[in-house]
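Asker: I'd like to go over a predicted model; first the sequence, then the structure.
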Amino acid sequence: MSDTLIRGALIPVEDGYTTTDIQISAGKIVAIAPNLPGTGIEVNAASKLLLPGFLNGHTHSSQAWQRGLIPPLPLELWLADGFDTSASEIEQIYWGAVSTAVDTVLSGGTCVLDHLFLPLGHEMEAIAAAVQAYKTVGIRAVIAPLIMDLPFVAGLPQGRRSLTHKPYPQAAPEILAWMAAIITQFHEPEAGIYIGVGPTGFHRCSDELLVRCAELSDRHNLCRHTHLLETKAQFMLAQERYGISAVKHLQNLGFLDHRTTLAHSVWLEDADLEILADTKSTVVHNPLSNLRLGSGIAPILKCIAAGVNVAFGCDGAASNDGQDLLEAIKLGTILHNLTDRDYTHWITPRQAIAMAAMGGATGVNLAAQTGSLTVGKDADFVLYDLENLSMLPRTDPVQLLVYGRPNQVVDSVWVKGRAIVAKGKLLTLDIEELRQALRQTRDQQSPTNFRTIHTIEPHYRTIMNLD
Ligand SMILES: [Zn+2]
C-alpha cells in the first residue's frame, strides 16, 4: 500500500481548530504536524474537516431488504412476522451487507457491527457472502451472527397464561458447532474482519447458550454483542423469568465485560448502571429505532454520568429505514435535552463525535487500533467537505456536522490506510451495480404476508395493558 500525505486538513483541538498534515505509511498514522516533508500520494485537504471514523455499533445488514416495509408497530409485533420478510437468499445477504457498508461509509463510519441474521442451515454460505461484501467495500466489520435457542413466543412475558410453543429448531451445542467453524474460517483481524459472538438477547436465549457464548468469546478474544432491554416487554420478562434485572442476570452468568456491547439498553434501572460501569460494558444507543418502534428513550445521560461507555448505532433497516450514522448521532445527541432540564448535563457536539468514534472503538475492543487521530493507530478517518452548502456558513464545523443536516458531505475515507472514498465517490465498488442489485432482487421477492401477528397480538395487548 502506497504512502499518503494529507495536506492542510482542519482538525478539532482542545481550544478550537488547527490545520495540520497527516502522513500515512503502511496503513498507519505515522505523523501529525503542519508542513510535513511527507512522502507518497499527496491529498489536498484544504477546506476539509478531518475526523476519526465512527462505528455503526448496531445494525442487521440483511434488513436492508425490509426498508420501508414494516408497518408502524412495536418490536414484538413486527418481529412476529419479521422472518417472513427477511432476506434469506445468499445474494440478498451479500447486497444487504454492501448496502449497509456503503451507507455507513458515506455517513462517516469506518467500522460496522453487523448483528447478522443467518438463514438456518445456510450459516457458512451466508457469512461468507457478508465477509466478501465488507472486504469489497473496504470497511472494517465486526460480524456477530444472531444466535438464539428459544422460540419467538418464549421471548414474550407470559402473564397468567403461558403461550404454547414448539422448541427452537437448533439447540446450543449445534449452534456452538457452526459458530466455531465460522471463527476458524472467517475471523481475520489483519484484514479488518472480526467475528463476534451475538446471542440475540436474553429473551431468546437459554442460560446455557449465554454462558457458552461468553466462554467462546474468552477462548478466542471475540467481541460479545446482544440486544438488551430494548422494550418494556423485555423488562417485564426479565422480572418474570429471573426475578432480578436482566443486567444483574447477565453479570451473574459472566456475560458482561470490556468486550461487551449492549444494543438499546432502554429499560435500564439505576442499579444496572453501576454494573455496566464496573464491568466496562458498552451501551449502543439506537435513538431512531427506539423512536420508530416506540421502545422508549434510553437513559444515556445517566449512563454517561455513571461512567458507562456509550456508542451509536443505526439498528437494522427494518426498524430504522435509513442507515445514516450522522442522523443517528444528531438525534441521539439532542434527544436527551428532554430528559434532563439541567443543560450542563447535555451532550455536546464534540462529546457526540467522541462517543461515535472512540466510544465505538472501545466497545468493539479496538481502542488501540482506531477511534482517534493518534500516531501509531491505523489510518481510519474521514474528510468532510466544508464547501458543501450544508456545511456553510463556516461557523463551528463539528457543531454544524452534528446539529445540522449534512448532505453528502463525506469527501474521502480511509480504512487501515486504504482510500475507499475520494471526492464523494466510492472507489471500491460501482454504485450502479448496487442499484441494479437492489432493484432486481427486490422485484423477485414474494409479497409480504403478515400472519403470525394475528396470533400474538391479543396476548401482547393483554400483557401490555392496552385493552
Ligand atoms: Zn437490533
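Answerer: Great, that's in hand.
Asker: Quick check: bridge partners of L116?
Answerer: Assessed by DSSP bridges, L116 has beta-bridge partners P145.
Asker: contacting residues for it?
Answerer: In this structure, L116 makes contact with 60-62, 93, 97, 126-127, 130, 143-146, 198, judged by C-beta atoms under 8 Å, 6 or more residues apart in numbering. C-betas here are computed from N, CA, C, even on glycine.
Asker: try 10 Å
Answerer: Under the criterion of C-beta atoms under 10 Å, 6 or more residues apart in numbering, the neighbours of L116 are 59-63, 93, 96-97, 100, 123, 126-127, 129-131, 141, 143-146, 196, 198, 316.
Asker: Out of these, list just those in helices.
Answerer: Within the contacts of L116, membership in helices is found for 93, 96-97, 100, 123, 126-127, 129-131, as judged by DSSP state H.
Asker: Please pick the buried ones from those residues.
Answerer: Burial by neighbour count, 16 or more other C-beta atoms under 10 Å: within those this picks out 93, 96-97, 100, 123, 126-127, 129-131.
Asker: Mind putting the residues you listed into CSV with pLDDT and distance to L262?
Answerer: As requested, these are arranged in CSV below (pLDDT from 0 to 100; distance: C-beta to C-beta, whole Å):
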residue, pLDDT, distance to L262
I93, 96, 25
G96, 97, 24
A97, 98, 23
T100, 98, 20
E123, 96, 24
A126, 97, 24
I127, 98, 23
A129, 98, 27
A130, 98, 22
V131, 98, 24
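Asker: Which two among the residues you listed are spaced furthest apart?
Answerer: T100 and E123 (18.8 Å; C-beta to C-beta).
Asker: Could you check how far L335 is from I329?
Answerer: L335 sits 11 Å away from I329, taking C-beta to C-beta, to the nearest Å as the criterion.
Asker: do the same with G38
Answerer: Distance of G38 to I329, given as C-beta to C-beta: 32 Å.
Asker: Pick out whichever of these two has more residues nearby.
Answerer: Taking G38 and I329 together and counting by other C-beta atoms under 10 Å, I329 has the greater number of neighbours (26 against 18).
Asker: Pull the contacting residues for that one.
Answerer: The neighbours of I329, taking C-beta under 10 Å, 6+ apart as the test, are 54, 107-108, 285, 287, 312, 314, 347, 349, 352-353, 355-356, 401-403.
Asker: Which one of the residues you listed is nearest to D378?
Answerer: Using C-beta to C-beta, F54 is the member of the contacts of I329 that lies nearest D378, at 14.3 Å.
Asker: related to what we said a few turns ago, can you put the ones in helices among the contacts of L116 in TSV and add distance to Y384?
Answerer: Supplementary listing: the ones in helices among the contacts of L116 in TSV, determined by distance: C-beta to C-beta, whole Å:
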residue	distance to Y384
I93	31
G96	27
A97	25
T100	21
E123	38
A126	34
I127	33
A129	31
A130	28
V131	29
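Asker: now, among those residues, which is nearest to G8?
Answerer: Nearest to G8 among the ones in helices among the contacts of L116 is T100, at 32.5 Å by C-beta to C-beta.
Asker: Let me know whether the closest one touches A87 as I believe.
Answerer: No - when contacts are counted by C-beta atoms under 10 Å, T100 is not listed as touching A87 (11.6 Å).
Asker: Quick check: neighbours shared by those two?
Answerer: Common contacts of T100 and A87 (C-beta under 10 Å, 6+ apart): 61-64.
Asker: Look at L163 and report its pLDDT.
Answerer: Predicted confidence (pLDDT) at L163: the value is 78.
Asker: I'd assumed L150 was in contact with it.
Answerer: No - here L163 lies out of contact with L150, judged by C-beta under 10 Å, at a distance of 12.0 Å.
Asker: Which one's more surrounded, the two?
Answerer: Set L163 next to L150 and count neighbours by other C-beta under 10 Å: L150 wins out with 18 against 15.
Asker: Once you drop chain neighbours, what's closest to the more buried one?
Answerer: Taking C-beta to C-beta, 6 or more residues apart in numbering as the measure, L150 lies nearest to R204, with 4.8 Å between them; neighbours along the chain are not counted.
Asker: how many other residues sit next to the one you found?
Answerer: If we define neighbours as other C-beta under 10 Å, then R204 has 21 of them.
Asker: in the stretch 301-450 of the chain, which spans are strands?
Answerer: With DSSP state E, counting those that start in this stretch as the criterion, the stretch 301-450 of the chain has strands at 309-312, 381-385, 410-415, 418-422, 425-426.
Asker: Pick out the least confidently modelled helix or strand of this protein, by mean pLDDT.
Answerer: helix 82-85 (a mean of 61; mean pLDDT, DSSP states H and E).
Asker: with the shared contacts of T100 and A87 in mind, which one is nearest to G417?
Answerer: Using C-beta to C-beta, S61 is the member of the shared contacts of T100 and A87 that sits closest to G417, with 24.5 Å.
Asker: Would you enumerate the residues in contact with G192?
Answerer: Each residue near G192 by C-beta under 10 Å, 6+ apart is listed here: 27, 110-111, 134-135, 138-142, 366, 369-370, 378, 380, 415-416, 418.
Asker: again, only using 7 Å
Answerer: Residues near G192 by C-beta atoms under 7 Å, 6 or more residues apart in numbering: 140-141, 415-416.
Asker: how about these, which pair is most distant?
Answerer: A141 and K416, at 11.9 Å, using C-beta to C-beta across those.
Asker: quick one on the thing from earlier: deepest of the strands of the stretch 301-450 of the chain, which one?
Answerer: Among the strands of the stretch 301-450 of the chain, ranked by average contacts under mean count of other C-beta atoms under 10 Å, first place goes to strand 309-312 (a mean of 28).
Asker: so how far is that one off the chain centroid?
Answerer: The chain centroid and the centroid of strand 309-312 are separated by 10 Å under C-alpha atoms, centre = their mean, to the nearest Å.
Asker: pLDDT averaged over that strand - what is it?
Answerer: The model assigns strand 309-312 a mean pLDDT of 98.
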